[in-house]
Each structure stands twice: as C-alpha cells, then as structure tokens.
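Enquirer: fold the stuff below for me.
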Amino acid sequence: MSKAAVVVGVQWGDEGKGKVVDALAEHFDVVARYQGGANAGHTVVAEGRKYILQLLPTGIVRPDRQALIGNGVVIDPEALAREVQCLEDAGVQVGQRLLISDRAHLILPCHRTYEVAAEAARAEGKLGTTSKGIGPTYEDKAGRRGLRTSDLRDAAVFREKCREFLEEKNRLTAALFGSKNDDGAWIDRYLAVSQLIVPRLINVSAFLNDALDAGQRVLFEGAQGTLLDLDHGTYPFVTSSSAAAGGACTGTGVGPTRLDAVIGVSKAYTTRVGSGPFPTELFGEEADKIRERGGEYGAVTGRPRRCGWFDVPLARYSARLNHLRTLVITKLDILDHLAEIPVGIGYELDGRCLDGFPADATDVERLTVRYTTLPGWQEPTFGLQEHDQLPRRAQDYLKFISAEIGVPIAMVSTGPERQQTIWIGSSSHRVIG
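Expert: Below you'll find the predicted structure:
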C-alpha cells in the first residue's frame, strides 16, 4: 500500500475532496494540508454530523489521526481559532493532534482590505476571489515581506515586524486605492490568539520525513482544483498557490520521490465558482436543475456554482499534469434523472482540433467543444455501496470516462456519508494500494 499519497481536485475545485480524504484517512496515520487558506470548503458527514473544514486538514475529524498544516498554507489566526472552537464545540477533540508549520505565512487584516479594494477596482474584470486576503498574503510571501507563524513566538519581535510591514503596506494601499491606514489595532488580538498557535508550531518537513522513515503513512490534502493552480490553471482566473500535486512537495517539505500515488477527485459533471472560462458550461433551466439537485452552492461562501457537462480534455490534462494513479468520481447520483448525458470529448479552436489545453484564458473562452451523448440510466444510485448495484448504463458511463482519460476509476461516491461509497474491486486498496 502507498505510504505517501496526494489527493487533488481534477477540475476547478469543489469536487468533494473532503469526503474522499475523510474516507481514505482511515488507512493513513497523518493528513497534511499543503496549500491554500480558509477558502476551502471541505465537507465531511460522519455519524450524522456535518463538518465544514476551511483551513484544518480533513483528517482532524477522525479522533486518532494527526493533522498537519504545512508551510504552503496561509493562515488567518482568528479564522483558525474559530474553526478549532467550532470543532471542539461539536465534540471533536483537537488537542495536540493539530500541528502547524512554523514557516506558514500569516494573513493580516490589511490583506483582506487590500483584496476587497483590488477586486472592486477591477470592475467587470473581477476574478471572483473570496476576499479572505489569501492572494495578497501570497503576494507578500513572494515579495519577501510577509510575516510567518514563527514570528508569533516573540511578542516584541512580532510587534516590530508588524510596524515595519504596515508602514510599507499603508503607503501602497493609500496610493493605489485611497484606502484608510491600518493602525495595527489587530496586533494584540493576534498575539492573544497566538496562544493557540505557538504551542503547535513545528518543522513540518522534519516531522513528515521522520514519520515516513518510521513506516507511518501520510495523506497529502490540497484545496481548490488543478485548473485553479497558479501555474497550470486558467490564468489569471486561478488561485494564488500550487493546487496541483507538485504543491504537496513545496507545501510541506517532502521530496517528490517520497510520493508514490496521486488520487484525482472529479465530479461526474463539472462545476466552477467565480469568473473565468468554462468550455462545457450549461445555462438556463438545465443548469439550474443540476445546481439544485447537486446543492451546488459554495460550502464557505454560499455562492452558486456554474454547472456543465463532464469535460474529458480538461480531465485528461489534469491526469497528465498530476500523473494520476486513480480517479474518484463523486455525485454520480445527480445525473440519475437524465435520459441522455452529453460528454465533452474534444476541443476545436478556429476550426482546428486541439490535442491539449490552451495556456491563454481567452483561447479557452473561445473553444468549441465536441460532444458525444451517452444514454442515461434514470434509476436511483444515491447511497449505493456495491458496484454491481449500479445500473448498467451508469457503469457504462464510468467506463467511458475512465477509458477516455486513461485512468482507472477506483472509487465512486454516491452520497455525503462515509458509507455511501463504492470501492471498485471491493477494496479501498484499489485506490491507495
């Protein structure tokens, strides 16, 4: 069985990675989050309780798993404190099972202010950010002026670094957006919340490598999806970090040769939140029906998701980029009502067939999609737990997707609960073996 596996979104995020990570966490000792911030919306339903995790690794819901936040994650200390408290109130004992990288960068209130102002200034060119300050925090990280969790260890050092940071940031935001100066009133609040963070700070790279050397098994969890990756997604309509599998290495400090499996998660159709190109997007009544059946609203923001048919070229692009070993398909039951199901199987641009996925978002916007239509099954699949229980045409749909992408499907999610899962081949080892 794999000792180190990465779970990635194949599409634009919201694929159901939370449930998949929770299901797989049973077979791992450690779950490590490697990128993003509190803009994830990983939903887990366990024993009748629903948990929505924004920043915490999904493994925290299982009582005997270690959960790590890697250096590639950006942390809003107050948001983290609220999320931990919510879990504690729900009966999840977080304790020292949660450990945090001492190299992770901090989201500051001015990052949120800056992001809101920058998004408003774009007018019709908005990117559709969550306005949580995540992008500006990564900007400051790349600009070598950010603050890190390790700075919280010494209050005097933290105050001085905040003072220097705010001097520069206030000049910048005032010049660009006419925003009011940040007076640093939040500094005392952050230092108070640091009592939650500082005792949990570790060198995550050392911890994970030692764990792997000792024979423990590690599951790496990303946020968003591959097509939102900063380098490989539909730029500039992307997130600000490496959401693809490679981000697991830089986001935790584990070498690439230690990873031995990448598991891709995809819906049986496609969704996207926010702005940006979406080749197989649906509109009107058909889109509304899938949105309502699938509950396609952001777990964190509540924003309605754009819906479309399954996109084979997009999934094939993600499969190659992440070198997927297996696929997990979620929300198959949302298509139960359809007599026919179109599937996007190819792209054309200016009359030419394309072999790959264009780099330019304007080209992606102009794509013409070639479709094939598969027969629907029009039978309920919700809650099924055995592959043989699936209607024959549902099995055919999954086989077609797998063959077109060139990656075997090893798990199908048929509902939000842990047990509403089909392991193809009757064993989770087919996913992580």
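Enquirer: pretty sure residue 230 sits against residue 237.
Expert: No - if you go by C-beta atoms under 8 Å, residue 230 and residue 237 don't touch, sitting 11.1 Å apart. For the C-beta atoms, the positions are set from N, CA and C on the backbone; glycine is no exception.
Enquirer: which residues does the residue sitting nearest the centre point of the chain contact?
Expert: For the chain, the residue nearest the mean C-alpha position is residue 223 (1.9 Å; C-alpha atoms, centre = their mean). Residue 223 makes contact with 13, 17, 33, 35-37, 39-40, 42, 239, 243, according to C-beta atoms under 8 Å, 6 or more residues apart in numbering.
Enquirer: which one of those residues is nearest residue 369?
Expert: Closest approach between those and residue 369, by C-beta to C-beta: residue 13, at 20.6 Å.
Enquirer: which stretches of the protein have low pLDDT?
Expert: 40, 121-130, 179-180, 299-300, 425-433 (pLDDT under 70).
Enquirer: so where's the longest strand in it?
Expert: strand 340-349 (DSSP state E).
Enquirer: buried residues in it?
Expert: Going by neighbour count (16 or more other C-beta atoms under 10 Å), the buried part of strand 340-349 is 341-347.
Enquirer: what are the boundaries of the helices in the stretch 151-300 of the chain?
Expert: Taking DSSP state H, counting those that start in this stretch to define them, one finds helices in the stretch 151-300 of the chain at 155-177, 187-197, 204-213, 247-250, 284-294.
Enquirer: need the winner for burial among the ones you listed.
Expert: Of these, the one with the most neighbours on average (mean count of other C-beta atoms under 10 Å) is helix 247-250, at a mean of 23.
Enquirer: quick one: contacts of it?
Expert: Applying C-beta under 8 Å, 6+ apart, the contact partners of helix 247-250 are 6, 32, 34-35, 72, 220, 222, 229, 241-242, 254-256, 259.
Enquirer: again, only this time at 6 Å
Expert: Under the criterion C-beta atoms under 6 Å, 6 or more residues apart in numbering, residues 6, 34-35, 220, 256 lie in contact with helix 247-250.
Enquirer: how about those residues, which pair is most distant?
Expert: Farthest-apart pair in these is 35 and 256; separation 15.2 Å (C-beta to C-beta).
Enquirer: correct me, but residue 133 touches residue 111?
Expert: Yes - counting by C-beta atoms under 6 Å, residue 133 does reach residue 111; the two are 3.2 Å apart.
Enquirer: quick one, strands of the stretch 301-433 of the chain?
Expert: Taking DSSP state E, counting those that start in this stretch to define them, one finds strands in the stretch 301-433 of the chain at 306-308, 310-311, 326-330, 340-349, 352-354, 368-375, 409-413, 421-423.
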